[in-house]
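Peer 1: Have a look; sequence and predicted model below, questions after that.
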Amino acid sequence: MARLVAKAVERVYLPGQAMFRQGESGAHVYVILGGQVRIVESTPEAPLVDRFVGELGQGEIVGEMGLLLDHSRTATVMAVERTRCLMIPQDDFTQALEQSPPLAMGLLRLLAARMQNVNRLLSRTAPDPLTVLAGRRTFHDQYRRLAAGARRRRSSVILLSLDVHHLKEINDHFGYSMGDEVLRAVADALVESTRTTDLVSRYGSDEFAVLLVDAGHDQLEVIVDRVTNKLADLVQRRALPRKVECSIGIAVSPVPPESAEELLREADLDMNRRMI
């Protein structure tokens, strides 16, 4: 371990910065000395949607899977807060494992525990089958983690609540398959308009909820315009039969509450005011 540390290079990642991205080649393992990172992955079925895998903090390692399997990175790792890491070269890491059975056993135990946690998470947080977004339960579970991180960093969050207009009329007039395409367009517009570190969910049949971390009042207009313009662009490119519109409610909190319920109520009230 002393030899590994001696050859390692220290790096600092700022919130939202990628340590590495899925599909990239890699030659280092990262040891987290302080801070927190989030692991997300995309799938061939939904290449534009990042699925939350987990979060790691001080004392954890990341990036070992690609090196052990000798292929490209299997997921994207983003810093959630200011994160300090040691970068250990691949050859030094694998040599240490070969020469030190205790170190190899420690890594096996870590990977086994991580696999167990991922299996438990995936069984509880299966994505919405239509949009591949997080569902209501997942939204609340992930909100608590994201809000806790924001409170530690003393940063604010924005919650957007969206309702799709006239979905029943679209289903009745054009068929449910077209209604499904409208919902997919809204979901894709939200994903493409937000960051990997944000949380996008299908909260109900025609409702979506978005949590934007480390964001405040000064960014509201830009965010709403981005979502609106992206949705209009997708509707045109996908030749949907009518204009797709959404009601939007907004809640901003400089100190995110532990539960999302308060922000959801504020966003619903804001949506009602905008509709009057």
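Peer 2: Great, that's in hand. Numbering: from 1, shown residues only.
Peer 1: Okay, strands next: where are they in the stretch 101-250 of the chain?
Peer 2: According to DSSP state E, counting those that start in this stretch, the stretch 101-250 of the chain carries its strands in the segments 157-164, 199-202, 207-213, 246-253.
Peer 1: Between those, which one is closest to R120.
Peer 2: Relative to R120, the nearest member of the strands of the stretch 101-250 of the chain by CB to CB is strand 199-202, separated by 19.4 Å. In this view, the C-beta of every residue, glycine as well, is placed from N, C-alpha and C.
Peer 1: which helices and strands does that closest one pack with?
Peer 2: For strand 199-202, the contact count by 3 or more CB pairs under 8 Å, 6 or more residues apart in numbering; DSSP states H and E identifies helix 136-153, helix 176-193, strand 207-213 as packing neighbours.
Peer 1: and the host helix or strand of L86, which strands flank it?
Peer 2: According to DSSP states H and E, L86 maps onto strand 83-89. Using DSSP bridges, the neighbouring strands of strand 83-89 in the sheet come out as strand 9-13 (antiparallel), strand 28-34 (antiparallel).
Peer 1: following the helix or strand containing E55, which helix or strand comes up?
Peer 2: If you go by DSSP H and E, E55 is part of strand 46-57. Sequence order places strand 61-62 as the next helix or strand after strand 46-57, per DSSP H and E.
Peer 1: Parallel or antiparallel, list what pairs with that following strand.
Peer 2: Its sheet considered, strand 61-62 pairs with strand 28-34 (antiparallel) by DSSP bridges.
Peer 1: What are the buried residues along the partner strand?
Peer 2: When neighbours are counted by 16 or more other CB atoms under 10 Å, the buried residues of strand 28-34 are found to be 28-32.
Peer 1: picking up where we left off before, now the strands paired with strand 83-89 in TSV, with mean pLDDT and distance to N119?
Peer 2: Supplementary listing: those in TSV, determined by pLDDT from 0 to 100; distance: least, CB to CB, whole Å:
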stretch	mean pLDDT	distance to N119
strand 9-13	95	28
strand 28-34	94	22
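Peer 1: Figure out which of the ones you listed is closest to G249.
Peer 2: For the strands paired with strand 83-89, the distance to G249 is smallest for strand 9-13, at 33.2 Å, taking CB to CB.
Peer 1: which parts of that closest one are buried?
Peer 2: Going through strand 9-13 with 16+ other CB under 10 Å, the ones that come out buried are Y13.
Peer 1: what's it in contact with?
Peer 2: Strand 9-13 has contacts (CB atoms under 8 Å, 6 or more residues apart in numbering) with 19, 33, 35, 37, 79, 82-87.
Peer 1: Looking at these, which one is closest to G63?
Peer 2: For the contacts of strand 9-13, the closest approach to G63 (CB to CB) belongs to M19, at 7.5 Å.
Peer 1: Look at the closest one and say how many residues are nearby.
Peer 2: Using other CB atoms under 10 Å, M19 has 22 other residues around it.
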